[in-house]
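1. the sequence isn't on hand, but the structure is:
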């Protein structure tokens, strides 16, 4: 158990819908990351937050957004969902610069 | 920009045989390097990491990796494979001051009896 908690574990939704994935980082970790894992694109970095502020942005679509709240939990919002958004979405967290990044078990999103 | 290349999408070994999973990196600055393992239907678990200390890094479950700057490699090894080692292994690179991990495409390790 990495200490990073993600909910829901599985989600099935229809095209055009919007979903929110939630992440609680390890206790004390200030940094939260979101990754997408799909068969065709592998593990792709989406976005990073550090203590509530966006720190880095990767291959995140405009239909996707994220935020980190004062209690340090984070949410990834996916809207206007397409079939190709079906993937495993990982949240990860770390304490400070140079520290190890720990991954949650992921949220499986299936868009039908 | 940093990148990693994992040679071989699938590696098959017999139980008890040596495991060697290859990873080469590209980085314009001294890298941090990581190996993660993903068991079926599970998240990513850190096996080991290199952060510019000892070049031979020991990890969990008997795995180790050696950082070779001259070869820009960080290959993962285990002297004797166990059935429970069957999983997907990912090499990743980061840089000090910027923690984004860039992952390789992964290598699926198959272990036969």
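-> Received, thanks. Predicted, not measured: the structure shown is a model, and the values here were computed from it.
2. can you list the strands that the helix or strand encompassing residue B:67 pairs with?
-> Assigned by DSSP states H and E, residue B:67 belongs to strand B:64-68. Taking DSSP bridges as the criterion, strand B:64-68 sits next to strand B:56-58 (antiparallel), strand B:73-78 (antiparallel) in its sheet.
3. for residue A:90, give me its contacts.
-> A:6, A:34-37, A:43, A:103-104, A:106-107, B:43-44 (Cβ atoms under 8 Å, 6 or more residues apart in numbering or on different chains). C-beta here means a position set from N, CA and C on the backbone, and glycine is covered the same way.
4. does it sit in a helix, a strand or a coil?
-> strand (DSSP: H, G, I helix; E, B strand; the rest coil).
5. hang on, residue A:63 packs against residue A:76?
-> No - the pair residue A:63 and residue A:76 fails to qualify as a contact (Cβ atoms under 8 Å) at a distance of 11.4 Å.
6. higher neighbour count, those two?
-> Neighbour count, other Cβ atoms under 10 Å in any protein chain shown: between residue A:63 and residue A:76, residue A:76 has more, with 25 against 13.
7. out of the helices and strands in the chain, which is least certain?
-> In the absence of a named chain, this looks at chain A. One helix or strand of chain A scores below all others by mean pLDDT, DSSP states H and E: strand A:53-57, with a mean of 90.
8. my bad, chain B
-> Across the helices and strands of chain B, mean pLDDT, DSSP H and E gives its lowest value to strand B:98-103, namely a mean of 80.
9. is it possible to get TSV of the strands paired with strand B:64-68 that adds mean neighbour count, mean pLDDT and distance to residue A:54?
-> As requested, the strands paired with strand B:64-68 are exported to TSV (neighbours: other Cβ atoms under 10 Å in any protein chain shown; pLDDT from 0 to 100; distance: least, Cβ to Cβ, whole Å):
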stretch	mean neighbour count	mean pLDDT	distance to residue A:54
strand B:56-58	14	95	32
strand B:73-78	21	98	30
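10. what about these, which gets the closest to residue B:11?
-> Residue B:11 lies closest, by Cβ to Cβ, to one member of those: strand B:73-78, at 10.2 Å.
11. how far is the closest one from where the chain is centred?
-> 6 Å (Cα atoms, centre = their mean, to the nearest Å).
12. direction included, what does the helix or strand following it pair up with?
-> Next along the chain after strand B:73-78, taking DSSP H and E as the criterion, comes strand B:87-95. Its sheet considered, strand B:87-95 pairs with strand B:32-38 (antiparallel), strand B:98-103 (antiparallel), strand B:107-112 (antiparallel) by DSSP bridges.
13. show me the shaky parts of chain A.
-> A:97-98 (pLDDT under 70).
14. again, only this time at 90
-> The model of chain A has pLDDT under 90 over residues A:1-2, A:28, A:39-41, A:55-59, A:95-101.
15. up against chain B, what does it have?
-> Counting by Cβ under 8 Å from any Cβ of the partner chain, chain A comes close to chain B at A:2, A:4, A:31, A:33, A:42-43, A:45, A:48, A:56, A:58, A:90, A:92, A:94, A:97-106.
16. now go through the residues you listed and say which are in helices.
-> For the residues of chain A next to chain B, not one is inside helices, with DSSP state H as the criterion.
17. any idea how many residues pack against residue A:29?
-> 20.
18. please consider this matter closed, and thank you.
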